[in-house]
Structures are given as C-alpha cells and as structure tokens.
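Visitor: okay, structure incoming, though there's no sequence with it:
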DNA sequence: ATGCCTCAGCTCCTGAGA
C-alpha cells in the first residue's frame, strides 16, 4: 500500500499537476491539503477518470482537505470529534483496515498571537483524539501538512529561524507528544538526502537555493512500522511551472490493499 | 525591511500563508 500527502495550495490551480503526479505515482491513497475550494467545486469527475474516488471536506478561500483513494473507504470522519472548529482541516477514513488521517495543521502565524494559541489547542485536541483512535485502530497513518519541524535538521537556517513559527519549542513539544502516543516519523526511518525539506518559500528563490523546511510528515503506528518499505519526499513537482510551495511525501507499506479490501 | 511570491476574493488591493 502506497500513501502520500501533498499540500497543493489551491486544488483549482493545481489539479492538472495532481493528475500528472498520480499518473506517474499511482499511489493507493493521496491526502490533499489547502484545497481552497468548496465541495460543490470539487473535481470529482476528473479524478474519477484518473481512477480515484474522493472524500472531501472543503472550505471557501482557506483550508480544505481530501482523501483520494483507488478503493472504496469506510467510516469517513471530518475534523476532530470533540474539538469544535470552524475550519476544514482533517479528514479520516478506513482504507483496507488502516485508519488514515489527513490533516492540515494550523500555521500559527507568530508565537504569542491568537493564531498560535489556536494552534496549541488544536494540537492538544488532535492528540487526545488520536490517542483514542489508536486504541481501536492499531494500524494507523497520520499524515499531512503539520506546519512543525521536528528539529534543526528540518530547517535550512536553524540559527536565523530559531524560535520562529514552525520551529518553536512549544510546537515541537506537541509534535513529540503526538509521536509519543506510539507513532513513527516515516522519513526518519530511512537514510535521506541531506537538507531534505518539503516546503520552500516562493520568495527569494527558496527552492533553487534549497532554503526550505520539512513540515509535511507521515507518521505510522507501531503495528505498521515493521511493514514500512520506504518513505521519501518527492521534490519533482516543486520544480513545475506554477508549483505548490509544498512537495508530496510518499510512503510504501508492505500491505496488499486489494487483498484486504 | 511591516519588503521579496502566490492565491482567493466583496479583485487593481488586502489578508494569509510559512
């Protein structure tokens, strides 16, 4: 089973690139973030033609998430049960016995801001829910745009960006607490190229200079960890014309989806 | 440097992203 996550920064603009990418990378599950469109504008037909069903949770202008799958899914849940939120940030479903959660974590803007406080409470809400989910779904994947770096290895300029958004100790505390529920960072399970980022600023030739951050992650549960065969960032589409500022992250797990569906 | 780029929208500027 291959799964991937990609913040597309407007599905309207990026749909052709998503279709191209799926043709070259026919993953079983693709979690999308920052759709920036409402469900009535979701491109179901184009994706169906490409062989993908879609569960979407859209929102006008901001946020919006979706799960694209080759096989049917069960028990679709939108956002975090028990955490009141007027933003469309999370969508989850059972795919061949695996609980798959796709998330667009809050940006947080700046430490000390209201948005930062919202990010902290959202992270707590997510953790309390994922803890419960893990009890009933030992096979679980949590992936998406986390908007948090694990440590300095995920940051192109750890000195200049020390304690700035995505790099604060409070954010990293929450990320470690999430991992401590029994999850593993897929990318870090394997040797990776140096300066392995998933997001690059549109400004200042960030991608060309590889001035980026690794903020898009795939976490797998304890039961899935021994089955993971590979996990990597695919920076190819970041070099497209009119690219998303994020690159997809892909994981390959030794499960046969057709056998399990 | 409260800048740089990109996107959506009450669109020719602004807010937000990261």
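Guide: It's in. Computed from a prediction, not measured in an experiment: that's the story for all the values here.

Visitor: just how off-centre is stretch A:233-253 within its chain?
Guide: 12 Å (Cα atoms, centre = their mean, to the nearest Å).

Visitor: so which helix or strand takes in whatever residue of the stretch 51-200 of chain A ends up closest to DNA strand B?
Guide: Of all residues in the stretch 51-200 of chain A, residue A:107 sits closest to DNA strand B, at 3.3 Å by Cβ to the nearest atom of the strand. The way it works is simple: take the backbone N, C-alpha and C, and place the C-beta from them, glycine included. Using DSSP states H and E, residue A:107 sits in no helix or strand.

Visitor: kindly report the same for residue A:121.
Guide: helix A:114-136.

Visitor: that helix packs against which elements?
Guide: Here helix A:114-136 touches strand A:98-104, strand A:140-145, helix A:169-179, going by 3 or more Cβ pairs under 8 Å, 6 or more residues apart in numbering; DSSP states H and E.

Visitor: and the shortest one, what does it pack onto?
Guide: Under the contact definition 3+ Cβ pairs under 8 Å, 6+ apart, strand A:140-145 sits against strand A:2-7, strand A:29-33, strand A:98-104, helix A:114-136, strand A:216-221, strand A:249-253.

Visitor: which parts of the stretch 51-200 of chain A sit against DNA strand B?
Guide: Residues of the stretch 51-200 of chain A that fall close to DNA strand B, judged by Cβ under 7 Å from any atom of the strand: A:60-62, A:106-107, A:109, A:115, A:145, A:147, A:165-166, A:199.

Visitor: pick out the most distant pair among those residues.
Guide: Distance extremes for these: the farthest pair is A:60 and A:166 at 25.3 Å, using Cβ to Cβ.

Visitor: more crowded one of these two?
Guide: residue A:166 (20 against 11; other Cβ atoms under 10 Å).

Visitor: what residue ranges in chain A score low on pLDDT?
Guide: A:260-261 (pLDDT under 70).

Visitor: beta partners for the residue positioned nearest the centre of it?
Guide: In chain A, the centroid-proximal residue (Cα atoms, centre = their mean) is residue A:144; its distance is 1.0 Å. Taking DSSP bridges, one obtains residue A:103, residue A:217 as the residues bridged to residue A:144.

Visitor: residues contacting it?
Guide: A:5, A:7, A:31, A:33, A:65, A:101-105, A:216-217 (Cβ atoms under 8 Å, 6 or more residues apart in numbering).

Visitor: residues near the closest residue to residue A:254 other than its chain neighbours, how many?
Guide: Closest residue to residue A:254 apart from its sequence neighbours, by Cβ to Cβ, 6 or more residues apart in numbering: residue A:227 at 4.2 Å. By the measure other Cβ under 10 Å, the count of residues near residue A:227 is 13.

Visitor: list phi and psi for residue A:227.
Guide: Residue A:227 has phi and psi values of phi -90, psi -10 when expressed as degrees, to the nearest 10.

Visitor: how near is residue A:247 to residue A:218?
Guide: Distance, residue A:247 to residue A:218, by Cβ to Cβ, to the nearest Å: 13 Å.

Visitor: my bad, residue A:165
Guide: Note on residue A:165: its distance to residue A:218, by Cβ to Cβ, is 22 Å.

Visitor: quick one, which of the two is more surrounded?
Guide: Neighbours were counted for residue A:165 and for residue A:218 using other Cβ under 10 Å; residue A:218 has more, 26 against 18.

Visitor: in a helix, residue A:45, correct?
Guide: Yes: assessed with DSSP: H, G, I helix; E, B strand; the rest coil, residue A:45 lies in a helix.

Visitor: what is the neighbour count of it?
Guide: Residue A:45 has 8 neighbours, counted by other Cβ under 10 Å.
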